[in-house]
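[1] okay, structure incoming, though there's no sequence with it:
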């Protein structure tokens with residue numbers, strides 16, 4: 001499936017990631033390290049633009065990657081990334097992941113973007129199940145699936161490695177038959 005730009009609202013656009021996005025992604029990570037580091041294990045491993053380039057190339061070039069990543073643009077400014085990971089076309093399910101830079105928080109950008117991406121998954125991709133996983137105690141992140149009506153399923157113990165330790169993850173999901181688009 002060829003992914004196109006998704007218009008969230010008059011201020012927010014989700015644009016498929018391209019090679020030309022490498023520098024803005026790296027700059028956003030580099031300028032927001034302290035803010036992003038608390039919950040995102042990849043931040044400390046992203047030391048140079050080449051690290052980001054390898055990530056972007058893997059998304060753009062590798063059909064086996066099974067990930068679709070979008071740049072979140074707010075008023076035509078880079079705000080963060082949102083994507084579908086672990087896409088399972090056979091079982092019609094996927095996981096949504098996201099991050100946003102500090103100055104873009106508190107504007108509803110991620111909530112609106114996740115809501116639009118869920119609708120896209122159900123309406124365009126014909127998915128049946130969408131989930132979001134958030135580190136336990138990452139309240140800002142876990143409030144997003146709660147706000148848009150995903151169901152808390154439980155805790156995935158040691159679900160994400162962060163250096164030499166593991167984070168437990170709160171798991172939220174919604175099925176196509178439960179989704180009511182606003």
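    The structure has been received and is ready for your questions. It should be emphasised that the depicted structure is a prediction, and the values quoted were computed from it without experimental measurement.

[2] only C-alpha atoms from now on, for both contacts and neighbour counts.
    OK.

[3] all helices of this structure, in order?
    22-31, 33-37, 49-61, 109-123, 139-147 (DSSP state H).

[4] tell me the most buried of the ones you listed?
    Stretch with highest mean neighbour count among these: helix 109-123 (a mean of 20; mean count of other C-alpha atoms under 10 Å).

[5] can you get me a residue count around residue 136?
    Residues near residue 136, counting by other C-alpha atoms under 10 Å, number 17.

[6] and it, its phi and psi?
    Residue 136 adopts backbone torsions of phi -60, psi 140, taken as degrees, to the nearest 10.

[7] just the pLDDT for it.
    Per-residue confidence (pLDDT) for residue 136: 96.

[8] mind listing what it touches?
    Shown in contact with residue 136 (C-alpha atoms under 8 Å, 6 or more residues apart in numbering): 167-170.

[9] count the residues that sit near the nearest residue to residue 169 once chain neighbours are set aside.
    Excluding its sequence neighbours, the residue lying closest to residue 169 (C-alpha to C-alpha, 6 or more residues apart in numbering) is residue 135, at 4.4 Å. By other C-alpha under 10 Å, the residues close to residue 135 number 21.

[10] which other helices and strands contact the helix or strand bottoming out on mean pLDDT in the chain?
    The helix or strand of the chain with the poorest confidence is helix 49-61; it has a mean of 89 (mean pLDDT, DSSP states H and E). Under the contact definition 3 or more C-alpha pairs under 8 Å, 6 or more residues apart in numbering; DSSP states H and E, helix 49-61 sits against helix 22-31.

[11] which outside residues touch the helix it packs on?
    Against helix 22-31 from outside (C-alpha under 8 Å, 6+ apart): 36, 43, 46, 48-49, 52-53, 56, 78, 80, 101.

[12] mind redoing it with 10 Å?
    The contact list for helix 22-31 (C-alpha atoms under 10 Å, 6 or more residues apart in numbering) reads 17, 32-33, 35-37, 42-44, 46-57, 71, 77-81, 100-102.

[13] give me the mean pLDDT for it.
    Averaged over helix 22-31, pLDDT sits at 96.

[14] just the angle between it and helix 49-61, please?
    130 degrees (axes from the mean of the first three to the mean of the last three C-alpha atoms, to 10 degrees).
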